[in-house]
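Student: fold the following.
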Amino acid sequence: RYFNPLVNDLALLSATPVEVRRRHKRWPEKFPNATCTLRSLVKHWGVFAPPPPNPYLSALEIDPQ
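Tutor: This is a model prediction of the structure:
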């Protein structure tokens, strides 16, 4: 019962399991003294959004392989 609204919120955010794990791993960077719960992760979801791509970088600079 507790998780249903949170799972619905994650679905509205188009969150994938991989993205949930990625943001969970980054939690201590932003909130070192706070426990990461599903509710807190949903509440602060936008804090962990990846930065937008820089249109001024060439493809070579982004992925130099």
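
Student: so what's the residue most central in space within the chain up against?
Tutor: Residue closest to the mean C-alpha point of the chain, counted by C-alpha atoms, centre = their mean, is residue 23 at 3.7 Å. Shown in contact with residue 23 (C-beta atoms under 8 Å, 6 or more residues apart in numbering): 41, 45, 48. Where you see a C-beta, it was placed from the backbone N, CA and C, and this is true even at glycine.

Student: please look at residue 47 and residue 34 and confirm they touch.
Tutor: No - using C-beta atoms under 8 Å as the test, residue 47 is too far from residue 34 to be in contact (11.6 Å).

Student: need the helices for this structure, in chain order.
Tutor: In the chain, helices defined by DSSP state H lie at 3-12, 17-30, 38-43, 59-62, listed in chain order.

Student: deepest of those helices, which one?
Tutor: Most buried of the helices of the chain, by mean neighbour count (mean count of other C-beta atoms under 10 Å): helix 38-43, with a mean of 15.

Student: elements contacting that helix?
Tutor: helix 3-12, helix 17-30 (3 or more C-beta pairs under 8 Å, 6 or more residues apart in numbering; DSSP states H and E).
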